[in-house]
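In: The following block contains a protein sequence and its predicted model.
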Amino acid sequence: MTQRAKIDTGGSEAEAVGPPVVHRPAGLTSAEVAERVARGEVNDVPVRSSRSTTDIVRANVFTRFNAIIGVLWVIMFFVAPIQDSLFGFVIIANTGIGIIQELRAKKTLDGLAVIGEAKPTVRRDGVAAELSTSEIVLGDLIELGPGDKVVVDGEVAEADSLEIDESLLTGEADPVVKKPGDRMMSGSFVVAGGGAFTATKVGREAYAAQLAEEASRFTLVHSELRTGISTILKYVTWMMVPTAIGLVISQLVVKDNNFKDAVARTVGGIVPMIPEGLVLLTSVAFAIGVVRLGRKQCLVQELPAIEGLARVDVVCLDKTGTLTEGGMDVSMLRPLDGADEAYVRKVLGALGESDPRPNASLQAIIDAYPDTVEWRCTEALPFSSARKYSGAAFSEGNGENSTWLLGAPDVLLPAGDPTLTEIDHLNEQGLRVLLLARTANELDSPEVATGAHPTALVVLEQRLRPDAGDTLAYFADQNVATKIISGDNAVSVGAVAGKLDMPGAANTVDARTLPTDREEMAKALDENAVFGRVTPQQKRDMVAALQSHGHTVAMTGDGVNDVLALKDADIGVSMGSGSEATRAVAQIVLLNNSFATLPSVVAEGRRVIGNITRVATLFLTKTVYSVLLAVLVVCSQVEYPFLPRHLTLLSTLTIGVPAFFLALAPNKERAKPNFVRRVMRYAIPGGVIAAAATFTTYLLARHHYSGEGALEAETSAATLTLFLVSMWVLAIIARPYTWWRLTLVATMGGAFLLVLVVPWLQDFFALKLVGTTLPWAAVAIAAAGGLLLEVAWRWVDRRFPA
C-alpha cells in the first residue's frame, strides 16, 4: 500500500513527521508531446462514431435492387415513352431521401458522441488535465480513479490500492491488484483505488483497440428487423430470377410482332416484384428515430438498440443515480456505546481526506465534516462494490494509531447484532446508513472486518429524482417489469421504491440469500422486484438468469459496479454522468442524466418496429401478387396485362406514399419476435387474392373486348381490380383508424379517381375504362377479393397467432 502524509488544517496540506513524501512524476513536457505528434505516435483509433458519408452514400446507392432497376430503367429509355420510366425516378428519390435522413442521423450522433466521449486525465508538465482519447501520445502519464476506463496499453507508474477489472478482455471475474511496473491493458477499468500509468502502446497497436474499433462502431446490422428483411429479400431474389426469365421468353414469343411493347410489358412485370422501398423505409425510420432521440439528449451508440429496447420486457434499475440523484446529504450522526461525537467527527473528516476520489456517500461526509485535525493517513483501503466498505489507518499525532472502516452495517456486523435492529428502522424510512467501526486488524488482512467495534452510524438522505415515479408508472402501464438491483441495504432500497409507488416494493430480497443455481435465481427474480446488497457479479448472474427465462433485459446504471451487467444485458443504458467504463459498454447513453428519457426511447423503438412490420406487409403483398401474376401469364401464354407506368401509379398510391406516413406514425404496441413470419402470414394470402382477382378480371376482359384498343381496355380493367384490392389491403393495414389514416386512404382513392376522369392523365397513364359492363365486373371481383381478404386474414390470426 502506498503511504501518504496528510495533515489538513483548514483545508491545506502540510507535511507531517513520517515517511518522506514521494514526488509525483510530472509526465511528458510540451516539447516531448510535440515530438511524438510529429512522429505519428498518437492514439489515432477513431472514437465510437457513425458511418462515414462515403459509406452512407455507397450503402444507399449500390444495392442489388438498385442495380436491377437501373438496368431495366436504361432499357426502358430505348423502348418506351418517359411515363414507362417513372419507376427509375422513384428509385432516385428514394435513394436521395435515404441518404439525407442518414446524414441527418450521422450529424446528430457525431455531435452527441463528442459530448459523451470519455476524457481521460493526462499529466503533462506536472499539470493534470482532461484530454480527448485521440490526443494521447506514446509515453503520456494517464491518471486513473474508480470507474475510469484504461484507454491505451501501458505500465503502472503509481498505484494506490489500484484494483483493475479485466473481465471484458480475459473473462476473469476477480479484480486484479496492480502495482508499479505491472502491465495495463486497454479495455479494462478501475473498480477501486487509483493511480497512474504510462502509455506504452497507442492507436491500433493497443491490445483492445481493433476489437473496440469494430465492436463499438455505429452499425445498422445485427437487428432482427434488418436480418428479417434481408432473409425476405433473399427469397424474393430466388423467386424473381426464374419468374423473370420465364416472363421474358413468354412475352417475346407472344408478342413476336412488336418487340418494343413486349420488352416494356416484361419490364412492367419484373419491376413490381422488387420491394425496393422496404429497405429505404427501414433505414429512414431508424435514422429519424436517432434524430428524434438526439433532440432529447439521448445518444444511441448502436442503432439496433432502439429496436432492442422496444422488445424489452424487463428493465433492471440500479437505485443510485437512476431512481435517486447522484448527491446525498448527511441527515444524522449517531454515536454508539457512548462514543465521543467530537472525536467521531474528527475520524470521519480524516477518512474523507484519505480518499482522493470519494464516491457520493463519502463526498456527503466530506461536505458535512471537513478535515481539521493533524492526522496522518498511513494506509488506505478504497471502497469496492464487492467489499461494500472502505477503510484507513491513521497516526493521530498524539502517538496513538487507529484503523477505521466505513461501510455497510450488515456486512461489517455479525448477524443478530443489536445495532442492526436500530439500523433497520432507519432503512425502513428509505435512509442510507453507514457504519463507522474501529478494527484491530491490518487493512490488508482478509479478516480486517472481523471483530470490528461499532463506533457510530452515519445516516444519509438520498434525493429522489422528481421524474422517477412517473417513469416507473409508464413501464408498469406498458407491461414492462421493473427490478431494482442495488448494492444498498434491501430494506432501504424497498423504502425508496415504496416512495415511488413501485409495484412489489414491499417484497424486498437480500441478494446474499439468493440461490446460486440459475433456474432457482430466475424464479426468485420473477417473483420479486426489489433486491439489495447485490454484488457486481450477482448483477451479471441476475441478468443471465432473467434471459434464461426468455426475457429481453435492459439494464440501467452509472457506476463501475454496473459495467459487467450492462455488457451482458440485451440493452445497456448508462447515464451521461456515469463512469467512463459504463458509458463505453452501454448501447444507449442518457446525456441529460434523466431516467425519464427512457420511455421516449421505448416509444421510438416501438414506433419503428411496429410500423415497419405494418408497412412490410404492404410491400411484400405487392411482391407476392407480382410474382404470381407473372407465373399465371407465363402458364397461360398471354400478354402481360401491365406497362411499367400502371404499376408505378399503383405502387405510389397504395404503397409508397401511404407507407411513408404509416412508417413514421406513433405506435405503442410492444415489439414481438418472428418478424418474417408475422409479415408473411398476411402478405402471402393478400398477394394470392390480389393476383387471382386481377387475373380473373384480365381473362374476362380478354373475352369481352376485341379489335383495335382491346389490350388497353383489358389493361385498364385489370388495373382497376388490382388497385381496389390493393386499397383494401391498405385499409386493413391502416387500422385502427384515426382521422389522418382515414384521410390518407381516402386521398389515395381520390387520386386514382382523378387519373380515371382527367383526359390528359388518362392518356399519360394509358388508363381508360371502356363501356360499363366490364368496369363494374372489375369492381365486383375486387369487392369479392376484399371480402375474401377479411376472411383470410381473420383465419390467419386464429391459425397462426403472432
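Out: That came through fine.

In: So which residues of the stretch 701-802 of the chain form helices?
Out: Under the criterion DSSP state H, counting those that start in this stretch, helices of the stretch 701-802 of the chain are mapped to 710-733, 739-757, 759-765, 773-799.

In: How far away from the center of its chain is the third one?
Out: Yep, that's helix 759-765 we're talking about. Here helix 759-765 is found 49 Å from its chain centre; the criterion is C-alpha atoms, centre = their mean, to the nearest Å.

In: list the buried ones in it?
Out: By neighbour count with 16 or more other C-beta atoms under 10 Å, helix 759-765 contains the buried residues Phe764, Phe765. For the C-beta atoms, the positions are set from N, CA and C on the backbone; glycine is no exception.

In: What sits closest to Leu252 if chain neighbours are left out?
Out: Ala262 (5.3 Å; C-beta to C-beta, 6 or more residues apart in numbering).

In: Tell me, how many residues neighbour that neighbour?
Out: 21 (other C-beta atoms under 10 Å).

In: elements contacting the helix or strand harbouring it?
Out: Assessed by DSSP states H and E, Ala262 sits inside helix 259-270. Using 3 or more C-beta pairs under 8 Å, 6 or more residues apart in numbering; DSSP states H and E, the elements in contact with helix 259-270 are helix 64-79, helix 224-254, helix 598-636, helix 644-651.

In: Now with 7 Å, please.
Out: The elements that helix 259-270 packs onto, with contact taken as 3 or more C-beta pairs under 7 Å, 6 or more residues apart in numbering; DSSP states H and E, are helix 64-79, helix 224-254, helix 644-651.

In: Run the angle between the second one and helix 598-636 for me.
Out: Put plainly, it is helix 224-254. 20 degrees (axes from the mean of the first three to the mean of the last three C-alpha atoms, to 10 degrees).

In: mind listing what's buried in stretch 121-134?
Out: Within stretch 121-134, the residues that count as buried by 16+ other C-beta under 10 Å are Val122, Arg123, Arg124, Leu131, Thr133.

In: before we move on, back to that, so the residue nearest to Leu252 versus Val634, what's the distance?
Out: Computed as C-beta to C-beta, to the nearest Å, the Ala262 to Val634 distance reads 13 Å.

In: and what of Thr694?
Out: 15 Å.

In: Neighbour count: those two, which is higher?
Out: Neighbour tally, Thr694 and Val634, criterion other C-beta under 10 Å: the higher count belongs to Thr694, 30 against 21.

In: and the more buried one, what is it in contact with?
Out: Contact analysis of Thr694 by C-beta atoms under 7 Å, 6 or more residues apart in numbering lists Tyr625, Leu629, Ala718, Thr721, Leu722.

In: now swap in Phe752 and tell me
Out: Applying C-beta under 7 Å, 6+ apart to Phe752 gives the contacts Leu653, Phe723.

In: hey, where'd the helices end up in the stretch 251-400 of the chain?
Out: Using DSSP H, counting those that start in this stretch, helices in the stretch 251-400 of the chain cover 259-270, 276-295, 304-311, 341-354, 360-368.

In: which residue packs closest to the residue nearest to the spatial centre of the chain, ignoring adjacent ones?
Out: For the chain, the residue nearest the mean C-alpha position is Ala305 (2.2 Å; C-alpha atoms, centre = their mean). Among residues not flanking Ala305 along the chain, Gln587 sits closest, at 3.7 Å (C-beta to C-beta, 6+ apart).

In: How many residues are close by the one you found?
Out: With other C-beta under 10 Å as criterion, Gln587 counts 23.

In: Please report the distance of it from Thr508.
Out: According to C-beta to C-beta, Gln587 and Thr508 sit 29 Å apart.

In: Looking at strand pairing, list the partners for Ile571.
Out: Counting by DSSP bridges, Ile571 forms beta bridges with Ala554.

In: these two touch, right, Leu643 and Val263?
Out: No: the pair Leu643 / Val263 is not scored as a contact, 10.7 Å apart, by C-beta atoms under 7 Å.
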